[in-house]
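**Student:** Give the three-dimensional model of this entry:
(one chain, ligands or ions: 2)
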Amino acid sequence: MRIRRLVAQGFRNLEPVDLNLDAPFVVFHGQNAQGKTNVLEAIHLLATLKPLKGRGRRELIQWGGNEGGVVGWVEAHGIDRQYRVKLTKSGRQAELDGKRVSALNEYFAGIRCISFTPLDARIVSEGPLYRRQWLDRAAFTAKPAHLGVVRTVHRILSQKGAALRLELPDLAVLDALDDQLARVGAELVSRRVEMLQALQPHVSAVHSTLSSGVGTVKLQYKTAALGDSPTDRMKSLRSKLEDTRGNELRRRTVLAGPQTDDVQVVLDGRSARMYGSRGQVRSLVLSLKLAEMMAARERGLVPLFLIDDVSSELDRKRTAHLVGALSDLGAQVLATTTDPDHMGALPPHDTLKVAVKEGSLAVFSSK
Ligand SMILES: Nc1ncnc2c1ncn2[C@@H]1O[C@H](COP(=O)(O)OP(=O)(O)OP(=O)(O)O)[C@@H](O)[C@H]1O
Ligand SMILES: [Mg+2]
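**Tutor:** Residues are numbered from 1 along each chain as shown. Ligands and ions are numbered 1, 2, ... in the order given. Take a look at the predicted model:
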């Protein structure tokens, strides 16, 4: 997959952009606060319809403006398509080849990205929410239909929360919602576990290279929805929900379900969250992200890879490994850095360097 051209208007601090990006490596470089991350924000929005840093979409619109937009020409499987996202204060609209899309699966069939940013250290070193979000994003990148399941679970949970907050909760309503939660929650858990199983061999392989063969990594999904099939998982989750009902009624809040699950990242038998050093955490996060790319290649479509702030995140050894691995995968890499030399010797014929200054982009060397 390759983004060949990017157009952006009214987007954060960027001057109107029209940039040819048709190269395997694109490096956006410049001093702090010039707009480098904002360019990645634009590409990320195009590929996921979500902001890169989890802010609101409204904040992507340029200060003082009422709307903004990004257009990308993206090639996948030899087919070029035009993707457009329009942002207004009231929401966003996605278009594919000039037509508004109603089925998002069609939109996401030809555009995907995996991002690696300084905030990703949280996946390993902070609470379970970050690991669930990572896994759901990974599963969405692999199979966009995952998003529908995540949204359905959220809807059931918010309805259940509202039902529990009523002065006199209706037990029949709670029973019906728990039935739905057991069914859809078990599906969500099955999808997450399937994704983890697909990633595990790649995580092990990448980590072994990064750590020169020292240490083994295991990803373990922790859930009450135990079982080998979605049906078994549903039964386990239903009995957990039944056992928790009394507590939920007393505390008037939802206490059980896949929103409490965790993915344990275990390094040499110990929790990496509890015991991992900073360097170990960075290698682990990089292993997770590269594993997503490798699993994607097995499925036949290699997403765009966005790296924000390479020099602050990775030392030269890890950067060299990352660049080599992504190049072997045939991925298009779009990276930001304050120090372009940090990326090592990128192949000059395959690298486009874009200088970013006060929101303006200038290609100053290319093939
Ligand atoms: N909605 C917006 N409209 C206009 N400017 C914005 C908006 N949102 C953020 N900015 C500004 O964009 C500037 C550039 O931000 P960006 O994060 O892209 O910088 P950067 O080049 O990645 O810097 P660093 O190297 O520090 O990461 C910031 O100074 C910020 O104030
Ligand atoms: Mg930045």
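
**Student:** Following the chain past the longest helix anywhere in the chain, name the next helix or strand.
**Tutor:** In the chain, taking DSSP state H as the definition, the longest helix is helix 171-210. Per DSSP states H and E, the first helix or strand lying C-terminal to helix 171-210 is strand 217-222.

**Student:** May I have the next helix or strand after that following strand exported as PDB, CA atoms only?
**Tutor:** Sequence order places helix 230-251 as the next helix or strand after strand 217-222, per DSSP H and E. As requested, the backbone C-alpha atoms of helix 230-251 are provided in PDB (Å, rounded to 0.1, in the frame of the first residue of the first chain):
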ATOM      1  CA  PRO A 230     -17.200 -18.500  21.400                       C
ATOM      2  CA  THR A 231     -20.000 -20.600  22.900                       C
ATOM      3  CA  ASP A 232     -17.900 -21.800  25.800                       C
ATOM      4  CA  ARG A 233     -16.700 -18.200  26.300                       C
ATOM      5  CA  MET A 234     -20.300 -17.000  26.300                       C
ATOM      6  CA  LYS A 235     -21.300 -19.500  29.000                       C
ATOM      7  CA  SER A 236     -18.300 -18.500  31.200                       C
ATOM      8  CA  LEU A 237     -19.100 -14.800  30.800                       C
ATOM      9  CA  ARG A 238     -22.800 -15.300  31.500                       C
ATOM     10  CA  SER A 239     -22.000 -17.100  34.800                       C
ATOM     11  CA  LYS A 240     -19.500 -14.400  35.700                       C
ATOM     12  CA  LEU A 241     -22.200 -11.700  35.000                       C
ATOM     13  CA  GLU A 242     -24.700 -13.700  37.200                       C
ATOM     14  CA  ASP A 243     -22.200 -13.900  40.000                       C
ATOM     15  CA  THR A 244     -21.500 -10.200  39.800                       C
ATOM     16  CA  ARG A 245     -25.100  -9.000  39.600                       C
ATOM     17  CA  GLY A 246     -25.500  -8.500  43.400                       C
ATOM     18  CA  ASN A 247     -22.400  -6.300  43.600                       C
ATOM     19  CA  GLU A 248     -23.400  -4.300  40.500                       C
ATOM     20  CA  LEU A 249     -26.800  -3.600  42.100                       C
ATOM     21  CA  ARG A 250     -25.200  -2.500  45.300                       C
ATOM     22  CA  ARG A 251     -22.600  -0.300  43.700                       C
END
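
**Student:** re earlier: just how off-centre is the longest helix of the chain within its chain?
**Tutor:** Distance, stretch centre to chain centre, for helix 171-210: 16 Å (Cα atoms, centre = their mean, to the nearest Å).

**Student:** Which other helices and strands does that helix contact?
**Tutor:** helix 128-142, helix 146-165, strand 217-222, helix 230-251, helix 278-299, helix 316-329 (3 or more Cβ pairs under 8 Å, 6 or more residues apart in numbering; DSSP states H and E). For the C-beta atoms, the positions are set from N, CA and C on the backbone; glycine is no exception.

**Student:** buried set for the helix or strand following the fourth one?
**Tutor:** Scanning forward in sequence from helix 230-251 by DSSP H and E, the next helix or strand is strand 262-267. Of the residues in strand 262-267, those with enough neighbours to count as buried (16 or more other Cβ atoms under 10 Å) are 262-263, 265-267.

**Student:** Show me what the mean pLDDT comes to for strand 262-267.
**Tutor:** Across strand 262-267, the average pLDDT comes to 98.

**Student:** between the buried residues of strand 262-267, which is nearest residue 356?
**Tutor:** Residue 356 lies nearest to residue 265 out of the buried residues of strand 262-267, by Cβ to Cβ, at 33.9 Å.

**Student:** thought that closest one was touching residue 272?
**Tutor:** Yes: using Cβ atoms under 8 Å, residue 265 is in contact with residue 272, at 4.4 Å.

**Student:** okay, and the common contacts of those two?
**Tutor:** Counting by Cβ atoms under 8 Å, 6 or more residues apart in numbering, the contacts common to residue 265 and residue 272 are 124, 217, 284.

**Student:** can you list the residues of the chain near ligand 1?
**Tutor:** By Cβ under 6 Å from any ligand atom, the residues of the chain that approach ligand 1 are 12-13, 30, 32-38, 59, 62-63, 309, 336, 338, 356.

**Student:** At the geometric centre of this structure, which residue do we find?
**Tutor:** Residue closest to the mean C-alpha point of the chain, counted by Cα atoms, centre = their mean, is residue 137 at 4.3 Å.

**Student:** Check the burial of the nearest residue to residue 249 once chain neighbours are set aside by counting its neighbours.
**Tutor:** The spatially closest residue to residue 249, leaving aside those adjacent along the chain, is residue 169, at 6.3 Å (Cβ to Cβ, 6 or more residues apart in numbering). As a burial measure, residue 169 scores 16 neighbours (other Cβ atoms under 10 Å).

**Student:** Next, find the distance separating residue 169 from ligand 1.
**Tutor:** Using Cβ to the nearest ligand atom, to the nearest Å, we find residue 169 at a distance of 43 Å from ligand 1.

**Student:** likewise residue 194?
**Tutor:** In this view, residue 194 and ligand 1 are 35 Å apart by Cβ to the nearest ligand atom.

**Student:** does residue 50 sit in a helix or strand, and which one?
**Tutor:** Per DSSP H and E, there is no helix or strand for residue 50.

**Student:** which residues sit in contact with the closest residue to it other than its chain neighbours?
**Tutor:** Leaving out its chain neighbours, the residue that sits closest to residue 50 by Cβ to Cβ, 6+ apart is residue 44, at 7.3 Å. Neighbouring residues of residue 44 by Cβ under 8 Å, 6+ apart: 50-52, 113, 115, 306.

**Student:** All set, thanks.
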